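Participant: here are the coordinates; sequence isn't available:
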Ligand SMILES: NC(=O)C1=CN([C@@H]2O[C@H](COP(=O)(O)OP(=O)(O)OC[C@H]3O[C@@H](n4cnc5c(N)ncnc54)[C@H](O)[C@@H]3O)[C@@H](O)[C@H]2O)[C@H](O)CC1
Ligand SMILES: [K+]
């Protein structure tokens with residue numbers, strides 16, 4: 001199975017968007033729908049979603065929207081500086097605000113306690129904090145959130161990469177979500193192959209990036 005680096009994935013995303021003309025929000029929507037396809041909606045009714053403020057978080061916001069449309073009970077939490085949200089994160093956040101979905105912005109003990117209460121009673125926790133954009137050790141409030149996720153969830157799904165795992169080496173950067181299932185997009189990232197203990201079952205899902213893009217980037221980056 002072809003495994004790629006985070007840099008190669010970012011280059012493929014960029015080429016698909018800039019050269020082929022597929023809007024990034026379309027890739028994000030495709031990613032969200034692929035995650036929904038991998039959730040047993042007949043059995044999962046109460047779902048806790050924890051989102052970062054990058055595009056991995058943006059995936060999570062789009063997933064939240066589709067879960068709500070499927071009449072699921074969604075507890076949505078966001079961790080990170082909301083002023084630093086990416087373009088696609090903000091598009092999806094704005095949609096949820098227009099749908100009057102309440103979310104909790106985790107900044108301290110009070111919200112961590114609310115998160116814990118949601119985790120202990122839910123059917124599924126979805127980790128959408130960091131993906132291929134993780135660049136350094138996880139610290140502070142992010143570390144507290146991931147520790148709670150690992151302690152109090154009984155069923156965890158990670159979006160693209162377990163948050164805290166280095167997508168290239170499989171190294172744990174301070175702390176990582178220990179998932180039951182990881183839905184990774186387009187091609188498997190090398191780091192996932194090194195850390196089955198943290199990824200759980202790995203499912204690779206297409207998000208609409210043409211084969212040509214993969215070929216061009218891999219030839220360029222050989
Ligand atoms: N259009 C696309 O490219 C698509 C991407 N997909 C998803 O996007 C993520 C990658 O998103 P990106 O915004 O590049 O980064 P992350 O969301 O992974 O990280 C967010 C942000 O966090 C900052 N950061 C990095 N390390 C730390 C840290 N230790 N502590 C705090 N903050 C940190 C950094 O600034 C990052 O930018 C990819 O995984 C996919 O899930 C779509 O799925 C498809 C389209
Ligand atoms: K993640």
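Facilitator: Yes, it's here. For clarity, every value in this text was computed on a predicted model and none was experimentally measured. Ligands and ions are numbered 1, 2, ... in the order given.
Participant: chain neighbours aside, what residue packs nearest to residue 92?
Facilitator: residue 61 (3.6 Å; CB to CB, 6 or more residues apart in numbering). (Glycine included, C-beta is placed from N, CA and C.)
Participant: and the helix or strand containing residue 48 with ligand 2, contact?
Facilitator: For residue 48, the element it lies in under DSSP states H and E is strand 46-51. No - judged by CB under 5 Å from the ion, strand 46-51 stays clear of ligand 2, getting no closer than 9.0 Å.
Participant: what strands line up against that strand, and which way round?
Facilitator: Using DSSP bridges, strand 46-51 pairs in its sheet with strand 73-79 (parallel), strand 124-128 (parallel).
Participant: ok, then the element right after it?
Facilitator: With elements assigned by DSSP H and E, the helix or strand that comes after strand 46-51 is helix 55-69.
Participant: from the chain's centre, how far out does that next one sit?
Facilitator: Centre-to-centre, helix 55-69 and its host chain are 9 Å apart (CA atoms, centre = their mean, to the nearest Å).
Participant: would you map the helices across the chain?
Facilitator: 6-15, 24-37, 55-69, 87-98, 109-121, 140-152, 190-193, 196-199, 211-220 (DSSP state H).
Participant: of all these, which one is nearest residue 128?
Facilitator: Nearest to residue 128 among those is helix 55-69; the distance by CB to CB comes to 2.6 Å.
Participant: tell me the angle of that closest one relative to strand 46-51?
Facilitator: 160 degrees (axes from the mean of the first three to the mean of the last three CA atoms, to 10 degrees).
Participant: next, the angle helix 24-37 makes with helix 55-69.
Facilitator: Angle of helix 55-69 versus helix 24-37, following the same axes, to 10 degrees, is 60 degrees.
Participant: does helix 55-69 reach ligand 1?
Facilitator: Yes - Helix 55-69 reaches ligand 1 (CB under 6 Å from any ligand atom) through 55, 56, 57, 59.
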